[in-house]
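Undergrad: Return a 3D structure for these sequence lines:
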Amino acid sequence: MNAFIPLSLLTWLCVFIIDLSGIIESIETLVRKQRGWQFFRVPKPFSCSLCSSWWLGLIYLLASRQFTLGNIALCALCALLSSEIYGLVIGLKNVINRCIHRLY
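TA: Below is the predicted model of the structure:
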């Protein structure tokens with residue numbers, strides 16, 4: 001189970017890039033304006049942190065030669081927890097904002 005930290009970090013990066021950074025919405029808006037496609041959406045797995053962390057996790061396990069049943073299950077768990085990671089980050093951000101407002 002050496003893969004726990006890398007898979008967790010990979011999931012965090014997927015959540016940050018896909019769910020928090022706003023890049024998916026920016027790409028969709030850009031394509032809609034450039035191409036005139038009103039209903040364009042970035043397809044899965046590129047617009048879904050769960051899907052991206054699952055597939056990138058599997059690629060990581062293959063590349064690092066750690067492709068075992070236990071690590072695949074760990075990859076699935078990390079991907080499953082992507083929405084909870086998103087909620088934790090938003091909650092932590094709100095707590096920090098409250099603390100800053102209390103200081104002022």
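Undergrad: Can you list the buried residues in the longest helix that the chain contains?
TA: As assigned by DSSP state H, the longest helix anywhere in the chain is helix 82-103. Residues 82, 85, 86 are the ones in helix 82-103 that count as buried (16 or more other CB atoms under 10 Å). Bear in mind the C-beta positions are built from the backbone N, C-alpha and C, glycine included.
Undergrad: For the second one, which non-adjacent residue is closest in space?
TA: Okay, so that is residue 85. Using CB to CB, 6 or more residues apart in numbering and skipping residues adjacent in sequence, the residue nearest residue 85 is residue 15, 4.9 Å away.
Undergrad: Retrieve the pLDDT associated with the one you found.
TA: The per-residue pLDDT reported for residue 15 equals 97.
Undergrad: That one touches residue 89, doesn't it?
TA: Yes. Look at residue 15 against residue 89 with CB atoms under 8 Å: they come within range, at 6.9 Å.
Undergrad: I'd like to know how many residues surround residue 69.
TA: Neighbour count of residue 69, defined by other CB atoms under 10 Å: 7.
Undergrad: neighbours around residue 64, how many?
TA: 12.
Undergrad: and it, what does it touch?
TA: 3, 6 (CB atoms under 8 Å, 6 or more residues apart in numbering).
Undergrad: Show me what counts as buried in the strand or helix carrying residue 25.
TA: Residue 25 belongs to helix 23-35 when assigned by DSSP states H and E. For helix 23-35, a neighbour-count test (16+ other CB under 10 Å) marks 24, 28 as buried.
Undergrad: Please apply the same query to stretch 45-64.
TA: Buried-residue list, stretch 45-64, by 16+ other CB under 10 Å: 45, 47-58, 60-61.
Undergrad: so residue 57 touches residue 77, yeah?
TA: No. Contact between residue 57 and residue 77 fails when scored by CB under 8 Å: they sit 9.8 Å apart.
Undergrad: Not counting its own residues, what contacts the worst-scoring helix or strand of the chain on mean pLDDT?
TA: In the chain, no helix or strand scores lower on mean pLDDT, DSSP states H and E than helix 23-35, which sits at a mean of 90. For helix 23-35, contacts defined as CB under 8 Å, 6+ apart pick out 17, 18, 37, 38, 40, 41, 42, 46, 47.
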